[in-house]
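[1] Just need the structure, nothing else, for what follows:
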Amino acid sequence: MNANLSAGPIPVSVAPDILADIQAEFSREWQRLCDDARQGALPPPSDRRFAGAAWAAQGSHLLMAHAYLLSARAMSRLVDAAQVSEPLRERLRFSVMQWVDALSPSNFLALNPDAQQSIVESAGRALTEGVANLLGDVKKGRITQTDESQFEIGRNVAVTPGEVVFENRLIQLIQYAPLTATVHERPLVIVPPNINKFYILDLQPENSFVRHAVEQGYTVFLVSWRNPVSSDTDGIDRATWSDYLDDAVLQALRVASDITRQPKVNALGFCVGGTMLASALALAEARGEHPVASLTLLTTLLDFHDTGVLKVFVDEAHALLRDHQFGSGGLMPGRDLATTFSFLRPNELVWNYVVGNYLKGQKPPAFDLLFWNGDSTNLPGPFFSWYFRNTYLENNLKVPGRAQAAGLPLDLTRLEMPSYIFGSREDHIVPWVAAYASTQVLRGPQRFVLGASGHIAGVVNPPAKKRRSYWVMERDGGPGNPLPGDPNAWLAQTTEQPGSWWPDWSAWLAGHSGKQVKARVKLGNASHRPIEPAPGRYVKVRAA
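    Sure thing, here's the model as predicted:
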């Protein structure tokens with residue numbers, strides 16, 4: 001999702017009095033910095049990029065760091081004061097952030113005393129290893145964010161035991177083995193986003209959402225998306241949005257229903273997986289089918305009015321470009337998507353590693369989440385083209401009948417099953433108020449829960465770690481007693497609960513999962529025999 005942020009010169013003006021104020025403040029602050037530097041009283045900046053002792057040891061480097069931060073603040077004030085529309089201001093803010101972060105003196109060997117010191121102290125080894133790290137990443141086509149040699153899918157990530165019980169050209173469906181003597185009779189089907197690998201929900205046993213659900217006595221099925229590559233010859237590069245709803249999501253629900261002999265299942269969607277799941281249920285509804293008893297949506301957009309920082313990438317020109325590139329076939333490279341998401345937080349996910357890996361010759365520490373983050377996926381072009389236009393650009397899903405799949409109009413407002421909707425308070429990809437907007441689209445009983453932290457850390461929050469918190473109203477919403485239309489009005493009526501939201505969700509789900517029955521050790525059935533052990537082979541295919 002590369003945005004066209006520089007389509008030519010953009011006339012931008014700032015009110016003369018505000019411009020004069022910004023200039024005057026800059027001059028005053030610059031004079032103060034110079035005076036403090038002459039007196040040797042310049043304090044170390046609070047910014048962690050300049051926290052190393054080498055920056056404070058030399059007055060010239062310390063002054064340079066302060067001058068950079070002062071200039072960055074002035075640029076930010078200029079953007080805030082620009083007399084432009086708010087959408088254009090957001091683009092300006094994003095573009096300025098990219099340039100300002102990229103031009104930090106910490107990113108350049110000649111200007112970074114920490115990096116220079118590491119070369120001297122290592123007798124040049126840091127320099128040679130930094131060059132080797134750079135050449136290795138050029139070959140891979142991406143920045144290494146963790147020690148990837150410490151992880152292997154199926155060995156120490158994605159290790160919850162189970163079997164692949166179904167596969168087609170789009171998915172493998174995993175059924176996980178029970179870990180309790182009895183289970184709820186109604187199964188849970190998880191639909192993760194297809195723009196990432198599923199094992200963000202099954203990293204390691206101590207932080208696996210999947211394992212937690214199995215330990216709570218649920219029979220869990222999970223969709224493992226196929227990662228299409230350029231050498232594939234079965235036409236997957238022409239797969240459409242309708243194909244994904246019918247042949248992936250609804251097919252997974254049918255298989256889980258057949259194996260467990262339950263006419264309805266519980267379903268959970270995460271991020272884009274939630275958007276696809278709700279759309280698939282609307283397609284089923286249009287056919288008079290009702291395959292689920294409850295719906296859980298985690299950091300999911302159904303109403304794309306507020307898409308956070310991602311809106312800087314959205315316009316008709318970009319949609320037309322993707323339609324032209326991929327509308328009839330081809331692959332949207334996972335590398336492009338991964339780069340886009342990394343540059344939403346460039347200091348943390350790009351320049352931090354440029355400095356550590358290349359300038360200082362360091363090897364990043366092992367971190368399972370960043371191993372997953374570097375394991376990107378390609379997408380069929382027609383699927384991506386439809387998704388981008390109908391959601392981010394035109395926001396069609398929230399309007400009954402405006403979006404179609406398999407030749408039928410989709411109406412999400414006809415979904416009346418109980419729903420558990422979760423948003424993360426600091427989410428920059430799915431702002432929590434946008435996640436809350438789903439309560440105004442869906443019908444039926446609703447429970448909205450707001451978790452602390454961001455898009456991933458807010459979701460992956462195991463109870464044993466006793467971290468973070470969540471907010472919830474004492475009552476749930478429903479017909480005749482809906483949740484407030486204003487998310488802030490909802491927030492004002494909530495209480496903060498310590499720890500993970502997982503137990504709250506599990507208790508809610510238990511009420512929609514039927515009676516306890518003896519767990520079946522044998523997975524699959526006569527129609528859907530186990531194909532291979534979890535996590536299966538689809539998840540092991542690399543995009544590059």
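
[2] Is the nearest residue to residue 36 once chain neighbours are set aside part of a helix or strand, or is it coil?
    The shortest distance from residue 36 to any non-neighbouring residue, by C-beta to C-beta, 6 or more residues apart in numbering, is to residue 42 (4.4 Å). Every C-beta, even on glycine, is put in place using the N, C-alpha and C of the backbone. Classification of residue 42 by DSSP: H, G, I helix; E, B strand; the rest coil places it in coil.

[3] ok, now how distant is residue 42 from residue 362?
    28 Å (C-beta to C-beta, to the nearest Å).

[4] Between those two, which is the more surrounded one?
    residue 42 (19 against 16; other C-beta atoms under 10 Å).

[5] Please verify my assumption that the more buried one contacts residue 33.
    Yes: contact criterion C-beta atoms under 8 Å: residue 42 and residue 33 qualify, at 6.7 Å.

[6] Need the residues touching each of those two.
    63, 66 (C-beta atoms under 8 Å, 6 or more residues apart in numbering).

[7] what sits against the residue positioned nearest the centre of the chain?
    Among the residues of the chain, residue 455 comes closest to the average C-alpha position under C-alpha atoms, centre = their mean, at 5.5 Å. Applying C-beta under 8 Å, 6+ apart to residue 455 gives the contacts 271, 299, 424, 427-430.

[8] Selecting buried members of those in ChimeraX, what would you type?
    Buried residues within those, by 16 or more other C-beta atoms under 10 Å, are selected in ChimeraX with:
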select :271,299,424,427,429,430
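
[9] Could you tell me which of the contacts of residue 455 are located in strands?
    Among the contacts of residue 455, the members found in strands (DSSP state E) are residue 424.

[10] As CSV, the contacts of residue 455 with distance to residue 150 and pLDDT would be great.
    Formatted as CSV, the contacts of residue 455 follow (distance: C-beta to C-beta, whole Å; pLDDT from 0 to 100):
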residue, distance to residue 150, pLDDT
271, 26, 97
299, 28, 98
424, 27, 98
427, 28, 96
428, 28, 92
429, 27, 94
430, 30, 96
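
[11] Pick the one among the contacts of residue 455 closest to residue 95.
    Of all these, residue 428 has the smallest distance to residue 95: 16.8 Å, by C-beta to C-beta.

[12] and the residue nearest to the centre of the chain, that's in a helix?
    No: secondary structure assignment (three-state DSSP) places residue 455 in coil, not in a helix.

[13] Tell me the confidence at it?
    Reported pLDDT at residue 455 in the predicted model: 95.

[14] Phi and psi next, for it.
    As for residue 455, its main-chain torsions (degrees, to the nearest 10) stand at phi -60, psi -40.

[15] ok, it to residue 105 distance?
    Residue 455 sits 30 Å away from residue 105, going by C-beta to C-beta.

[16] Same check on residue 352?
    Using C-beta to C-beta, residue 352 is found at 15 Å from residue 105.

[17] And residue 219, by the same measure?
    Applying C-beta to C-beta, the value for residue 219 to residue 105 is 56 Å.

[18] Please identify which of those two sits among more neighbours.
    For residue 219 and residue 105, the more surrounded residue by other C-beta under 10 Å is residue 219, and the numbers stand at 28 against 17.

[19] ok, residue 486 - how many residues close by?
    Neighbour tally, residue 486, other C-beta under 10 Å: 11.

[20] Hmm, I typed the wrong one, I wanted residue 480.
    Number of residues near residue 480 (other C-beta under 10 Å) recorded here: 5.

[21] And the residue nearest to residue 271 when sequence neighbours are not counted, how far from residue 298?
    Excluding the flanking residues, the one nearest residue 271 by C-beta to C-beta, 6+ apart is residue 193, at 4.2 Å. Applying C-beta to C-beta, one obtains 10 Å for the distance of residue 193 from residue 298.
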